[in-house]
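Colleague: What would the 3D arrangement of this be:
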Amino acid sequence: MNEKVTDTQGSAYGRAPQRPNKLLTEVGPGTPCGEMFRRYWHPIAASAELTSVRPMKLRILGEDLVLFRDGAGKPGLLYARCMHRGTSLYFGKIEKDGIRCCYHGWKYDTLGRCLEQPLEPHARTRENVRQPWYPVEERYGLVFAYMGPLNKKPLLPRYDVLDAIKPGEYYDTSFGSWGTTDDHSLPVVPYSWLNISDNFMDPLHVFVLHSTFSGAQFDAEMALIPRIEFIPDDRGIYHSSVRTMPDGRDFERLVQWMVPNVISVPPIRPLKESPSLSISWIVPVDDTHYYQVLVARWPSGERMYRARPNNNTRVAWGEMNDRERRDYPNDFEAQMGQGEISLHSEEHLVSSDRGMVMQRRMLNQAIKAVQEGGDPANVHFDADSATVKIGARNLYRTTEAVK
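Modeller: Down below sits the predicted model:
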């Protein structure tokens, strides 16, 4: 006999359809968020991996592109489909002054100009053909692309922590995410960029996900509940997490997020006083995929932190089976569990989500600025303002307020 139901509130039956926040998750050409993203420079490859031997296939902001370095060493980023008959330039041959299509031999330089049409003796149409292209620049061991209107192209930013490279240091880079080790990385992560973007302004999840739920995935002191402060500025937001250490001193971690997708996080292992040595970008591939790029100033002969075995399973994330991931979930499991694109309309946000709410509000403001014909936050056209001072750090906090 069925038990009589007396609580009639909250049944799943008849729930209204839920939906994602399309304004912040759709990134293709012509979408509000996509047009906002196209007003910034984004890292697309490691310079050392871009050779004059073969082109690279890329998908960024919903567009399929081909990146190559010509025989003279100059990088170029072109629309993938040859403007003649549409085959992919990914199968093209790199020459001294450009890339030649494998199908009929049309050759393009790094700015998309058609240099040769070998099957057309008089090549009368050559000067009328332009393979769509995007500007690229190299810095910090990375290749960056700008995919927006050329009359709005800002300067490629400089970052003081990376410019301060010393003799004996080098730029170590990592592409992908949840790549806990070089051998166990995901070159592209299969969910929306917003899932992980939200995570960076959610410092309190460390106490549950990384400490009391999955065991101590970081140093033991990270399991302490911090006192949180969110500090906005004209580039984005800092979040300050202050923990009282066993010796009675207050230890502060200051993480910096900059509109729309740049993060600087100070070292977490070992947990000690230190400025940030790295910059990270969350780059949307399309609406349901992203990759993360990390570049750090690092001593020669050493490797940047990639991962260590999970404290409970004693294996790296890429070696964990499904049962282990369910028993000891990490950020990937929590964010993938939200779905390829989270259903934001069913969220019930509370006071601990205020940093994320501030972050989304700043993204909305950047989108609105572009829609109204202006410049979004954190794009700059003069060298002084395009030089970014990174304030992310670990330190023992004194009575002086955070600046």
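Colleague: Helices along the stretch 301-403 of the chain, start to end?
Modeller: If DSSP state H, counting those that start in this stretch is used as the criterion, the helices of the stretch 301-403 of the chain fall at 322-327, 331-336, 354-371.
Colleague: In TSV, list those helices along with distance to Asp172, mean neighbour count and mean pLDDT.
Modeller: Using the backbone N, CA and C atoms, a C-beta is placed for each residue, glycine as well. Formatted as TSV, these follow (distance: least, CB to CB, whole Å; neighbours: other CB atoms under 10 Å; pLDDT from 0 to 100):
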stretch	distance to Asp172	mean neighbour count	mean pLDDT
helix 322-327	27	12	87
helix 331-336	21	18	91
helix 354-371	27	19	98
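Colleague: what sits against the residue nearest to Pro20 when sequence neighbours are not counted?
Modeller: The shortest distance from Pro20 to any non-neighbouring residue, by CB to CB, 6 or more residues apart in numbering, is to Ile341 (4.3 Å). The neighbours of Ile341, taking CB atoms under 8 Å, 6 or more residues apart in numbering as the test, are 20, 25, 191-192, 194-195, 287-288.
Colleague: what do you get for Ile237?
Modeller: 201, 230-231, 256-257, 355, 358-359, 362.
Colleague: Give me the neighbour count for the residue lying closest to Arg243 once chain neighbours are set aside.
Modeller: Of all residues not flanking Arg243 in the chain, Leu224 sits nearest, at 4.4 Å (CB to CB, 6+ apart). Leu224 is flanked by 17 other residues according to other CB atoms under 10 Å.
Colleague: on that earlier part again, and Gln117, which of the helices of the stretch 301-403 of the chain is closest to it?
Modeller: helix 354-371 (37.9 Å; CB to CB).
Colleague: what ranges do the strands span in the stretch 51-200 of the chain?
Modeller: Ranges of strands within the stretch 51-200 of the chain are 56-60, 63-69, 75-79, 93-95, 98-100, 107-108, 114-116, 133-134, 136-139, 142-146, 158-159, 169-181, 184-186, based on DSSP state E, counting those that start in this stretch.
Colleague: Give me the distance between Met356 and Met362.
Modeller: For Met356, the distance to Met362 (CB to CB, to the nearest Å) stands at 11 Å.
Colleague: can you check Arg124 too?
Modeller: For Arg124 relative to Met362 (CB to CB), the value is 52 Å.
Colleague: Which pLDDT value does the model give Arg314?
Modeller: Confidence at Arg314, expressed as pLDDT, is 63.
Colleague: Kindly report the same for the one 3 residues further on.
Modeller: As summarised for this prediction, Trp317 has a pLDDT of 74.
Colleague: How about Ser192: what's its closest non-neighbour residue?
Modeller: Nearest non-adjacent residue to Ser192, counting by CB to CB, 6+ apart: Ile341, 4.6 Å away.
Colleague: among the helices of the stretch 301-403 of the chain, which is nearest Val262?
Modeller: Val262 lies closest to helix 354-371 among those, at 12.1 Å (CB to CB).
Colleague: so who does the most centrally placed residue in the chain touch?
Modeller: Geometric centre of the chain, nearest residue: Ile282, 0.9 Å, by CA atoms, centre = their mean. Ile282 makes contacts with 193, 196-197, 261, 263, 290, 292, as judged by CB under 8 Å, 6+ apart.
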